[in-house]
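J.: Give me the fold of what follows.
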Amino acid sequence: MESQRNISEFILLGLSCNQNIQIFCFVFFLLGYVAILVGNLLILTSIRHSALFHQPMYYFLSHLSFMGICYTSCVTPKLIRDLPLGRKSISYSNCMLQIFSIHFFGIIEVFILTVMAFDRCVAICKPLHYMIIMNRTRCNLLVLAAWTGGAIHSFSQFSMIIHLPFCGPNEIDHYYCDIFPLLKVACTDTYITGVLVVANSGMVAFVTFVLLFGSYVIILFTLRNQSAEGRCKALSTCGSHITVVVLFFGPSIFAYLRPPATYPEDKIFALFYTIIAPMFNPLIYTLRNTEMTKAMRKVWCEKIFSEEKHN
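T.: As a prediction, the model looks like this:
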């Protein structure tokens with residue numbers, strides 16, 4: 001493979017060459033990344049230090065917040081660091097690592113969102129047996145299955161890219177290393193590889209979409225027999241999850257469920273599932289959730305008062 005690969009680094013063309021747009025992107029990404037870190041760490045800490053951690057929904061939410069931090073950290077820190085320096089290069093090894101980590105953490109996040117839909121389905125359809133069905137052992141197994149699925153998916157995608165020869169040109173029309181832009185600069189026919197990548201991603205997207213859609217069809221069917229108050233409460237609980245799923249899945253499906261090709265719009269859609277959706281997730285899950293906001297107030301007020309008392 002080394003004899004075929006003469007390129008030691010790639011040049012990322014980024015979102016724009018315009019200096020003003022680059023300054024705007026730097027400020028936007030910096031504020032967005034800080035918001036992602038602060039929001040997810042607040043949720044993670046609040047759940048871990050409150051009684052909510054023993055509830056399956058919030059147990060999964062804590063894992064989703066952790067995945068949100070890991071997933072966004074695959075791309076955003078390097079982007080923030082490189083924008084003011086005007087440096088857009090990435091080494092071959094770091095490019096491969098970025099591809100693997102993005103798919104690994106991204107698919108785990110997708111699977112956890114699917115698990116959360118299953119959890120809501122059980123809570124609404126089998127409320128009396130909810131804690132028996134969603135016991136901690138089963139919750140741990142579901143999280144382990146999400147990690148295993150992420151590893152299988154990312155290793156399969158990575159194995160198709162790592163063997164490709166790259167001998168020039170080395171310019172990637174994106175702001176991070178993604179599979180389709182890399183296929184475009186490979187020194188070989190990548191049609192079969194592109195089809196396999198789409199088939200792999202398509203299978204994951206199709207299975208998760210069927211599970212998510214099926215879960216919410218069952219939930220809506222069950223809610224027909226409940227009171228208006230019960231329907232409002234259940235829909236309010238599910239509303240946050242549906243919003244996050246739409247923000248994350250919509251652009252992702254456009255990016256990967258299509259013939260293997262690159263389009264100028266890809267970079268804009270990628271912003272939604274790498275920056276914008278993770279940035280809004282903490283707000284969606286806290287502002288629309290009274291239990292979460294109460295837990296956050298209790299945990300952080302106790303911390304502040306204990307520190308003041310100690311001082």
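J.: Can you report how many residues lie near residue 34?
T.: 13 (other CB atoms under 10 Å). Using the backbone N, CA and C atoms, a C-beta is placed for each residue, glycine as well.
J.: now do residue 12
T.: 22.
J.: remind me which residues of the stretch 201-311 of the chain are low pLDDT?
T.: Applying pLDDT under 70 to the stretch 201-311 of the chain picks out residues 229-231, 233-237, 253-265, 287-288, 300, 302-311.
J.: which stretches of it form strands?
T.: Here the stretch 201-311 of the chain has no strands by DSSP state E, counting those that start in this stretch.
J.: And the helices in this protein?
T.: Taking DSSP state H to define them, one finds helices in the chain at 19-48, 56-73, 76-85, 92-125, 130-133, 136-162, 179-185, 191-223, 228-256, 266-271, 277-287, 290-310.
J.: Next, format these as CSV and append distance to residue 12.
T.: Below are those laid out as CSV (distance: least, CB to CB, whole Å):
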stretch, distance to residue 12
helix 19-48, 12
helix 56-73, 17
helix 76-85, 8
helix 92-125, 9
helix 130-133, 47
helix 136-162, 16
helix 179-185, 9
helix 191-223, 20
helix 228-256, 17
helix 266-271, 10
helix 277-287, 20
helix 290-310, 37
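J.: for these, which one sits closest to residue 169?
T.: helix 179-185 (5.8 Å; CB to CB).
J.: Please enumerate residues in contact with the closest one?
T.: The contact list for helix 179-185 (CB atoms under 8 Å, 6 or more residues apart in numbering) reads 10, 95, 99, 157, 161, 164, 166, 168-174, 190, 193-194, 197, 260-262, 266.
J.: Which of those residues are buried? Put it as a PyMOL command.
T.: Filtering these down to the buried ones (16 or more other CB atoms under 10 Å) takes a single PyMOL command:
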select buried, resi 10+95+99+157+161+164+166+170+172+173+174+190+193+194+197+260+262+266
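J.: List just the one of the helices of the chain that sits closest to residue 6.
T.: That would be helix 92-125 among these, by CB to CB, at 10.2 Å.
J.: List the buried residues for the closest one?
T.: Buried, per 16+ other CB under 10 Å, within helix 92-125: 95-96, 98-124.
J.: and it, what other elements does it pack with?
T.: For helix 92-125, the packing partners by 3 or more CB pairs under 8 Å, 6 or more residues apart in numbering; DSSP states H and E come out as strand 9-12, helix 56-73, helix 130-133, helix 136-162, helix 179-185, helix 191-223, helix 228-256.
J.: And that helix, how far out from the chain middle?
T.: 6 Å (CA atoms, centre = their mean, to the nearest Å).
J.: First residue to last residue on stretch 166-183, what's the distance there?
T.: 9 Å (CA to CA, to the nearest Å).
J.: average pLDDT for stretch 115-135?
T.: Averaging pLDDT along stretch 115-135 gives 88.
J.: who touches it?
T.: Against stretch 115-135 from outside (CB under 8 Å, 6+ apart): 56-57, 60-61, 64, 142-143, 146, 211-212, 215-216, 218-219, 222-223, 234, 237-238, 241, 245.
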